[in-house]
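**Q** sequence first, then the predicted structure:
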Amino acid sequence: MAARTSRRASATAEAAQRATVASKLARAGLKSDWDFVLHLPLRYEDETRITPIADLAVGAEQQVEAEVVAADVVYRGRRQLRVTVRDDSGELVLRFLNFYPSQVRQMAVGAHVRAFGTVRAGLAGAEMVHPRVRSASGEALPRSLTPIYPAPEGVPQSWLRKRIERALRDVEISEVLPAGLLARHRLAPLRPSIGRLHRPPADADASALQERNDAAWQRLKFDELLAQQLALRAARAARAQRPAHALAPAGPLSRSLSGRLLAALPFRLTAAQKRVWSEVEHDLAAAQPMHRLVQGDVGSGKTVIAALAAARAIECGFQAALMAPTEILAEQHFLRIEHWLAPLGVHIEWLAGRMTPAAKRAARQAIAAGTAQLIIGTHALIQDAVDFSRLGLAIVDEQHRFGVVQRLALRAGDAAMHLPHMLMLSATPIPRSLAMSYLADLDVSVIDELPPGRRPVVTKMVSTRRREEVMERIRADVAAGRQAYWVCPLIEESDAIEATAATETHHRIAELLPDLRVGLLHGQLAAAEKTAVMEQFVQRKLDVLVATTVVEVGVDVPNATLMVIEHAERFGLAQLHQLRGRVGRGADQSYCILLFEEPLTEPARERLKVIYETNDGFEVARRDLMMRGPGEFLGARQSGAPLLRFADLQLDAALVEQARTAATELLAQHPAEARAHLRRWYEGRHDFLTA
């Protein structure tokens, strides 16, 4: 009876352990056999050869085969197992700081063992700390390199290797791509490529495998890029099957709302803005939903394109919605677009999370009744059960900050309904390689020209030791009738990050510059307070605005000509470029001072160097992509965009071009093979690919 109870308890414990391991693997994206097949090694260890102890090289990972001549548990500051092994050429010490009784038995004197590890110089000669040890008795050397896989905590390499071996046996790794296509692109066969990456032969070029230049890696990277191209084109094709209302002016353009807006603007569109508006206008007139990204550097004039598109939807009898990621940015859009459209009779509604329940209720009622023609707000547009009357156009600013579920919600509806047109705006210029890969489902327009009269912002790097000089510069600028920003990374003091808090900085600057009017703006202020502070700054009732990164996007004060970024070394490239773009909005020369704390780390020095050297947003974006990678750059981990695990857009640009060509060919000539390839890579992710 007791034995049966013990067996049941043991079985229950094993089942619980399996469930825990399965949960960890699922979180790492390892569920199906195909997931394990594509779970490729991070690196390899060479256990196929034996190195004589006398020939061991310090710092190298090597393997010895030797006899145990001494094994003792010693106390050298802490309890450790010290084992001495000997071969015909010399002796080596194996040291274990954590060990089990089974290891002590395995390495008893007289045992023949193989030890694999990193060689280091010890007090008594060469040694290995925590090498991998196995018995050498009757054991043949492996014929392939040993793979080391990325593994969730608590999942041993040995278990993972066995599970992957099982998947390789069970999965039919059939060749779905046409032979002619593989030959033209000089691609290796799929199954041998996968086998080679999991078990490279002993004579494989280890550096080519490590650098992912091996032919097997090229095949996997091509397949991944091809799947991404097919997925995004499938998303584009799926949207094209859904209807949208064609938004085109019914009468003469001059009498239309968009025509009257153009005539009433206090400036003329640049050539780049005219070109982009023409592209957007063409898309809106189609009966398929527009899915266009308008990107342009800070200050290039994307908001006017959004206003024109909204006017076009409204004049055709539909509503337009503009969603921004932060309340301050949404409010900036609201104030500017209201200034342009309200005089033309447009009813604009504001909707944000911090509104009173009564105000929200009134706004939702106006939206549902259709009396609100343009709705501008934050996440509240999709989180507060907003029921649009006739939504014809959805505009999303800083689109990479929104998750895919949010974008889906904004254009949700059953399959028979008309989809709203989608216009996305981004002040983060996107490098060509990224656009070709991640944005293959979008039409992309670029505003590559600043409004006339704008001068490039002059950027300077200044150590915090010269803070007093910066203060003097602010005094001089204010005396000349101009204004300044002082941006800090934190609101409150933090032990973890040694950054000057905005509140403390505000007090300090107010004390050091008692004759100046110094304001404070941060995310913890109530919405009404933030609006009041910004309004004071716009109306020149404040000389200096101390702020956190809430001023990163959307704030437009032409009289502000100085941007001081404190602890600039703590900001990312995109943030630095965005913050710099808050000045240089008027005709006067503007300056950005990167105030940094010494000593600088190498990554921080590299970031500041990029901002110092160039005002070109595309160059900043290219360098940012190199430093951060595409997933973080685009917010793709939040957005659901198909991430690349194997390909590198910088190093594999030629493969991206090949994959684009191959995707076109497959869809036109081999649609069944295209579907099979897509299923293999993106099973179960359809909704997220069509967002």
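**A** Thanks, I have the structure now.
**Q** pull the helix or strand with minimum mean pLDDT from the protein.
**A** In the chain, no helix or strand scores lower on mean pLDDT, DSSP states H and E than helix 636-639, which sits at a mean of 44.
**Q** tell me the mean pLDDT over stretch 60-78?
**A** The predicted model gives stretch 60-78 an average pLDDT of 91.
**Q** ok, back up a step: moving C-terminal of the least confident helix or strand of the chain, what's the next helix or strand?
**A** helix 653-669 (DSSP states H and E).
**Q** partner strands of the lengthiest strand in the chain, parallel or antiparallel?
**A** Ranked by residue count, the top strand of the chain under DSSP state E comes out as strand 61-75. Strand 61-75 pairs in its sheet with strand 79-87 (antiparallel), strand 112-122 (antiparallel), by DSSP bridges.
**Q** to residue 293, which of these lies closest?
**A** Evaluated with Cβ to Cβ, the strands paired with strand 61-75 place strand 112-122 nearest to residue 293, the distance being 48.1 Å. Yep, even glycine has a C-beta here, placed from its N, CA and C like the rest.
**Q** what comes up buried for the closest one?
**A** Applying a neighbour-count criterion of 16 or more other Cβ atoms under 10 Å, one finds 113, 114, 115, 116, 117, 119 buried in strand 112-122.
**Q** how close does the fifth one get to residue 80?
**A** Put plainly, it is residue 117. As judged by Cβ to Cβ, to the nearest Å, residue 117 and residue 80 stand 15 Å apart.
**Q** what kind of secondary structure is residue 445 in?
**A** Following DSSP: H, G, I helix; E, B strand; the rest coil, we place residue 445 in the strand state.
**Q** now it: closest residue in space that isn't a chain neighbour?
**A** residue 276 (4.3 Å; Cβ to Cβ, 6 or more residues apart in numbering).
**Q** so what touches stretch 176-183?
**A** 175, 187, 189-190, 223, 226, 662, 665-666, 670, 673, 676-677, 680 (Cβ atoms under 8 Å, 6 or more residues apart in numbering).
**Q** can you name every helix or strand that the helix or strand residue 359 falls within contacts?
**A** Using DSSP H and E, residue 359 sits in helix 357-369. Contact here means 3 or more Cβ pairs under 8 Å, 6 or more residues apart in numbering; DSSP states H and E; on that basis helix 357-369 packs against strand 348-351.
**Q** if you set the cut-off to 10 Å instead, what comes out?
**A** Secondary-structure packing of helix 357-369 (3 or more Cβ pairs under 10 Å, 6 or more residues apart in numbering; DSSP states H and E): strand 348-351, strand 374-377, helix 380-383.
**Q** now mean pLDDT, distance to residue 328 and mean neighbour count too, for the ones you listed, in a markdown table please.
**A** Output for the helices and strands packed on helix 357-369, formatted as a markdown table (pLDDT from 0 to 100; distance: least, Cβ to Cβ, whole Å; neighbours: other Cβ atoms under 10 Å):
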| stretch | mean pLDDT | distance to residue 328 | mean neighbour count |
| --- | --- | --- | --- |
| strand 348-351 | 90 | 13 | 22 |
| strand 374-377 | 92 | 12 | 28 |
| helix 380-383 | 68 | 14 | 20 |
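**Q** picking that back up, which among the contacts of stretch 176-183 count as buried?
**A** 187, 190, 223, 226, 662, 666, 670, 673, 677, 680.
**Q** I'd say the fifth one and residue 228 touch.
**A** No: contact between residue 662 and residue 228 fails when scored by Cβ atoms under 10 Å: they sit 11.7 Å apart.
**Q** which secondary structure element contains the closest residue to residue 320 other than its chain neighbours?
**A** Leaving aside its chain neighbours, residue 320 sits nearest to residue 310 (3.8 Å; criterion: Cβ to Cβ, 6+ apart). Element membership for residue 310 (DSSP H and E) is helix 302-315.
**Q** pull out the buried positions in that helix.
**A** Counting neighbours by 16+ other Cβ under 10 Å, helix 302-315 gives 302-315 as buried.
**Q** what is the orientation angle of that helix with strand 443-447?
**A** Inter-element angle recorded for helix 302-315 and strand 443-447: 130 degrees (by axes from the mean of the first three to the mean of the last three Cα atoms, to 10 degrees).
**Q** which element follows helix 302-315 toward the C-terminus?
**A** Using DSSP H and E, the first helix or strand after helix 302-315 is strand 319-323.
**Q** packing partners for the helix or strand hosting residue 424?
**A** Element membership for residue 424 (DSSP H and E) is strand 421-426. Packed against strand 421-426, as judged by 3+ Cβ pairs under 10 Å, 6+ apart, are the following elements: helix 271-284, strand 291-296, helix 302-315, strand 319-323, strand 391-397, helix 404-410, strand 443-447.
**Q** how about a cut-off of 6 Å?
**A** If you count contacts as 3 or more Cβ pairs under 6 Å, 6 or more residues apart in numbering; DSSP states H and E, strand 421-426 packs onto strand 291-296, strand 391-397.
**Q** gap between it and the chain center?
**A** 19 Å (Cα atoms, centre = their mean, to the nearest Å).
**Q** beyond that strand, next helix or strand please.
**A** Note on strand 421-426: by DSSP H and E, the next helix or strand toward the C-terminus is helix 432-438.
**Q** double-check that residue 238 belongs to a helix.
**A** Yes: using three-state DSSP, the assignment for residue 238 is a helix.
**Q** mind checking how far it is from residue 232?
**A** From residue 238 to residue 232 the distance is 11 Å (Cβ to Cβ).
**Q** which of these two has more neighbours?
**A** Just comparing residue 238 and residue 232: by other Cβ atoms under 10 Å the higher neighbour count belongs to residue 232, 21 against 13.
**Q** show me where the stretch 451-600 of the chain has strands.
**A** 458-463, 483-487, 518-521, 544-547, 560-566, 591-596 (DSSP state E, counting those that start in this stretch).
**Q** could the ones you listed be laid out in TSV, adding mean pLDDT, mean neighbour count and distance to residue 75?
**A** Below are those laid out as TSV (pLDDT from 0 to 100; neighbours: other Cβ atoms under 10 Å; distance: least, Cβ to Cβ, whole Å):
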stretch	mean pLDDT	mean neighbour count	distance to residue 75
strand 458-463	93	16	50
strand 483-487	93	25	55
strand 518-521	90	22	59
strand 544-547	91	26	58
strand 560-566	93	25	51
strand 591-596	94	22	48
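**Q** is it true that residue 58 touches residue 125?
**A** No: look at residue 58 against residue 125 with Cβ atoms under 6 Å: they stay out of range, at 10.6 Å.
**Q** relative to residue 321, which of the strands of the stretch 451-600 of the chain is closest?
**A** Between the strands of the stretch 451-600 of the chain, strand 518-521 lies closest to residue 321; by Cβ to Cβ that is 26.5 Å.
**Q** alright, I will stop here.
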